[in-house]
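Q: Below is the sequence, then the predicted model.
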Amino acid sequence: MRDLIGRLEVVDDAAASALRVIEHFDSLVEERASVGAVVRATAALAGCPSGMHNASRELTRRYASDGQVLPGSKHDSWPRVPVQGRPGLSVWLERTGEPRPLDALILERSARAIQALTDSTPQSSDAAVRIACDPDASETDRRDAAARLGLTGPVTVVVSASPQALMPHTTQIGRHVVALVSGRPVLPEGLCAGTAIAQELAHLPAAVERARVALRLTDRLDGPGPSLVPYDGLGALAVLAERITPQDAAASADVRRLDQVLVTHPWVTDTLQAMLDQASLRQAATVLHVHHSTLQERLSWLSDRLGYSVTQPGGRQRAAVAVLLWRIAHSEDEHTSRND
């Protein structure tokens, strides 16, 4: 190969360059290099950043042309080449401007090298769930993963902070546990989760994100509020949960006041939630297992501490938003402990 490259350099530098690309990736395969090394080589040969995404392992690798690691990020805009026989695995170049003559060859040889260096064993159920839910998976890979899982018709996506009930087709995706269930099933009791419906397989990634939004607004299992929250039932509340970050919610003066009084009075948010959810104070007191006069005393005390009457129409609305924002503010650090 090297003799051929040397002869070609004299008469056809482009052909010699192409052969160098082929030889380089063949050498990586012979040496049993890592997939990361292949992606690094892809970036170096192309002279621009390169990336690889493995949906089955929820793994993204990106490298600059000098070999430096780049942070993983969404990369929907970059054309990619799938790795044949490896569902959910693809590589791409982050080329700005017009493609260069060897770009297509570099990507093709990169994909072939990764194919040769990766495992070809059948997908596990976990891998199939990740591929089905991954926004960067191809439609073919998503459809094949769903078929492997036996998913038909609309799919209910269930997102929780920890596996709390035995459900089929469940795996960890990021910080959450995701389950996929065909149709609109009656979910088991004792589940703290957000849910969303994907009418089509192509909508599964978006449904996962909507179910995560719903999870933000759940109460603990033994709390007065709902521990199972369907996104479709949120309505306008979903706008707040989607657009307000936990950091923004925590910065609200009303949320800070709730956190302050919770330090010494842990019943505060439960009391407000029960008052907001129930038709009368007597019913709220029953849910909280306290006498209605005790509840009235608590609400009077809370009104003094929060600076507004939580039982009057305007104050009641303000309290409802404050509790909602409080749940958003603590959605990232509370679920792992409060849902057990």
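A: Yes, it's here. Residues are numbered from 1 along each chain as shown.

Q: can you pull the contacts of residue 114?
A: 35, 38, 52, 83, 86, 89, 91 (C-beta atoms under 8 Å, 6 or more residues apart in numbering). (Each C-beta comes from the backbone N, C-alpha and C, glycine too.)

Q: again with residue 185
A: Shown in contact with residue 185 (C-beta under 8 Å, 6+ apart): residue 156.

Q: Doesn't it lie inside a helix?
A: No: with DSSP: H, G, I helix; E, B strand; the rest coil as the criterion, residue 185 is located in coil rather than a helix.

Q: Out of the contacts of residue 114, which end up buried?
A: By neighbour count, with 16 or more other C-beta atoms under 10 Å, the contacts of residue 114 hold 35, 38, 52, 83, 86, 89, 91 as buried.

Q: sorry, back to before: and the contacts of residue 114, which two are the farthest apart?
A: 38 and 86 (12.7 Å; C-beta to C-beta).

Q: Correct me if wrong: residue 109 contacts residue 20.
A: No: if you go by C-beta atoms under 8 Å, residue 109 and residue 20 don't touch, sitting 10.7 Å apart.

Q: quick one: low-confidence parts of the stretch 51-200 of the chain?
A: 73-76, 122, 164-166 (pLDDT under 70).

Q: In three-state terms, label residue 218 for me.
A: Secondary structure, three-state DSSP: residue 218 is coil.

Q: so what's it up against?
A: Going by C-beta under 8 Å, 6+ apart, residue 218 touches 192-194, 225-229, 327, 335, 339.

Q: By neighbours, which of those residues wins?
A: residue 193 (28 neighbours; other C-beta atoms under 10 Å).

Q: just checking, that one touches residue 158?
A: Yes: taking C-beta under 8 Å as the definition, residue 193 is a contact partner of residue 158 at 5.0 Å.

Q: anything in contact with each of these two?
A: 187, 211.

Q: What's the mean pLDDT across the strand or helix carrying residue 19?
A: Element membership for residue 19 (DSSP states H and E) is helix 13-30. Throughout helix 13-30, pLDDT has a mean value of 83.

Q: And for stretch 256-272?
A: 95.

Q: Let's see which of the contacts of residue 114 end up in strands.
A: The strands, defined by DSSP state E, take in 52, 89, 91 from these.

Q: Now render the residues you listed as CSV, adding distance to residue 45.
A: Shown next, in CSV, are the ones in strands among the contacts of residue 114 (distance: C-beta to C-beta, whole Å):
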residue, distance to residue 45
52, 14
89, 20
91, 12
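
Q: Which of these sits closest to residue 261?
A: Distance to residue 261 across the ones in strands among the contacts of residue 114 (C-beta to C-beta) is lowest for residue 52, with 49.8 Å.

Q: show me the contacts for the closest one.
A: Residues in contact with residue 52, defined by C-beta under 8 Å, 6+ apart, are 35, 38-39, 60-62, 89-92, 114.

Q: Regarding residue 264, what are the backbone dihedral angles?
A: Main-chain torsions, residue 264, degrees, to the nearest 10: phi -110, psi -10.

Q: how far away is it from residue 305?
A: Plainly put, residue 264 is 10 Å away from residue 305 if you go by C-beta to C-beta, to the nearest Å.

Q: try residue 56
A: 51 Å.

Q: The two: who's more crowded?
A: residue 56 (21 against 13).

Q: The closest residue to the more buried one other than its chain neighbours: what's it in contact with?
A: Setting aside the residues directly before and after it, residue 56 is nearest to residue 127 in space (C-beta to C-beta, 6 or more residues apart in numbering), at 3.6 Å. Residues in contact with residue 127 (C-beta under 8 Å, 6+ apart) are 56-57, 87-88, 145.
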